[in-house]
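# I'd like to go over a predicted model; first the sequence, then the structure.
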Amino acid sequence: MEKKQVKASLFDKLPLLDKNRAAKFIIYGLLIAILFGMIMMISRSIANSALEWAAVANQENLISYWEGIYGYADFIEREQEIVRIQNWLVFQDVIFMNIARVGVNIGLIFCLVGFLSFAVNDKIDEHTRKVSLIIAGLILFMMMFTTFFSGIYIAVG
Amino acid sequence: MKKIIIKILVLISIFLIFLGPVFGVFLDKITILDQSFVISATSNTDIENATAYDFTLSKGQKISIEFSVNTENVSATLKILRKAYYIEENESSSLPNNVLGENFIYSKFTYGDNPDLQVSTATSRNIDADGYYYIEFAGNIASNKLISIPGDYVVFVYGSNSGGGPNVYFDLLIKTDGSGDIVETWLILIGVGALLAIMLLVTVGYLKKTGRGLL
């Protein structure tokens, strides 16, 4: 009787990836995490600078009015527009931070799978496997804490 | 895709992103009239000789009028009327002085002062010999803010010449709100969207060409 060969999916192979593929996972994971982390930082920086931007825009609006470039109705219209943009600059942080948080977590999952694959690979020396397991544990720990507790942060002073 | 086509598309996308704000500024206000007028000095008593420039306002739209006189002995008065009312008054040959204008606001530009204290409301503005007014109108006013009432209106100007001259001279510059904001937003959106699409297509093309999967 002919044996039916079942092709294993990527999910079945996890975390038993070969060395090269595991390294690829870590690199892609890092790239994704760095990219989304950068989006996070830019988004937070824009939100934090909204007030300063509004101060500059309001002063520009006043000067344009005083110089007679436009009248009072336009001045009021632009004043309201500045408030609207300022609110959006603050609110975009909520949207992009959540997208970036998902992105960073996806990146970290890639890294986690990569390190776990190193840890269970018996072709790699014992010391590297131990270190990989510790790193994978740390990544998992970090992911769980940043997902369930949003108040955790590292301050660099 | 050929490299040259990709480069051209990227350049066009970046060009659109930069073009957006430029169009935004240029289309923010559209000049509908910029003219020096010469009318009869009898326009003060004969409505037929007065200037009537008609315009239409849509919802949320306003116009700004820069009204100026720079001639000795000339006195000119500007009012904004509803078109139907103007036709009625014209048919009954009313005296321009008795015609009732709509409410508008006008600004003074005192450098360093609070703009809230520099705006006034009126139904007509008169200039004797030398003067300038920056008027804004959208249909009606509440306090010193504009209320939008769409419809057909007329800028009505009449005057007299105290020096005995036959004419009244004045300048009008009328601008209306343009579609600058919409054009600006669309151009930037198209530019950014095209850039993203090109990036995705190039990445997919590269992965296909090299035969590399993502993982």
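Happy to help now that I have it. Numbering: from 1, shown residues only, chains lettered A, B, ... in the order given.
# any idea which element the residue nearest the centre of chain B lies in?
For chain B, residue B:176 is the residue whose C-alpha lies nearest the centre (CA atoms, centre = their mean; 2.0 Å). In this assignment (DSSP states H and E), residue B:176 forms part of strand B:167-177.
# Direction included, what does that strand pair against?
strand B:29-40 (antiparallel), strand B:63-82 (antiparallel) (DSSP bridges).
# Let me know the average pLDDT across the first one.
By that I understand strand B:29-40. Taken as a whole, strand B:29-40 has a mean pLDDT of 92.
# Name the residues of it that are buried.
B:29, B:37, B:39, B:40 (16 or more other CB atoms under 10 Å in any protein chain shown). For every residue, glycine as well, the C-beta is placed using N, CA and C.
# Would you agree the third one is in contact with residue B:158?
Yes: under the contact definition of CB atoms under 8 Å, residue B:39 touches residue B:158, with a separation of 7.4 Å.
# any shared contact partners between the two?
Residues touching both residue B:39 and residue B:158 by CB atoms under 8 Å, 6 or more residues apart in numbering or on different chains: B:49, B:50, B:51, B:168.
# just curious, which of these is nearest to chain A?
residue B:51 (21.8 Å; CB to the nearest CB).
# Could you give the bridge partners of that closest one?
With DSSP bridges as the rule, residue B:51 is bridged to residue B:157.
# near chain A at all, the host helix or strand of residue B:128?
According to DSSP H and E, residue B:128 maps onto strand B:124-137. Yes: residues of strand B:124-137 contacting chain A under CB under 8 Å from any CB of the partner chain: B:134, B:135, B:136.
# What number of residues are in the vicinity of the last one?
Read it as residue B:136. 23 (other CB atoms under 10 Å in any protein chain shown).
# swap in residue A:27?
By other CB under 10 Å, neighbour count at residue A:27 equals 13.
# Are we agreed that it is in a strand?
No: Residue A:27 sits outside any strand when classified using DSSP: H, G, I helix; E, B strand; the rest coil, being helix.
# sorry, back to before: residue contacts, the residue nearest to the centre of chain B?
Here residue B:176 is in contact with B:29, B:30, B:32, B:55, B:57, B:61, B:62, B:63, B:64 (CB under 8 Å, 6+ apart).
# In a markdown table: those, plus distance to residue A:147.
Listed next are the contacts of residue B:176 as a markdown table, based on distance: CB to CB, whole Å:
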| residue | distance to residue A:147 |
| --- | --- |
| B:29 | 51 |
| B:30 | 53 |
| B:32 | 58 |
| B:55 | 60 |
| B:57 | 54 |
| B:61 | 50 |
| B:62 | 51 |
| B:63 | 56 |
| B:64 | 54 |
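# quick one: low-confidence parts of chain B?
B:1, B:212-215 (pLDDT under 70).
# Write out the residues of it neighbouring chain A.
Contact residues, chain B versus chain A (CB under 8 Å from any CB): B:29, B:62, B:64, B:105-107, B:109-113, B:115, B:118-119, B:134-136, B:138, B:144-146, B:214-215.
# would you put the C-alpha positions of stretch A:128-148 in CSV?
Extracted in CSV, the C-alpha atoms of stretch A:128-148 (Å, rounded to 0.1, in the frame of the first residue of the first chain):
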residue,chain,number,x,y,z
THR,A,128,24.9,29.2,22.3
ARG,A,129,21.8,27.1,22.8
LYS,A,130,21.5,28.2,26.5
VAL,A,131,22.1,31.9,25.6
SER,A,132,19.4,31.6,22.9
LEU,A,133,17.0,30.1,25.3
ILE,A,134,17.6,32.9,27.8
ILE,A,135,17.1,35.5,25.1
ALA,A,136,13.9,33.8,23.8
GLY,A,137,12.6,33.8,27.4
LEU,A,138,13.5,37.5,27.9
ILE,A,139,11.7,38.4,24.6
LEU,A,140,8.6,36.4,25.7
PHE,A,141,8.7,38.0,29.1
MET,A,142,9.0,41.5,27.6
MET,A,143,6.2,40.8,25.1
MET,A,144,3.8,39.6,27.8
PHE,A,145,4.6,42.5,30.1
THR,A,146,4.3,45.2,27.5
THR,A,147,1.0,43.6,26.2
PHE,A,148,-0.6,43.3,29.6
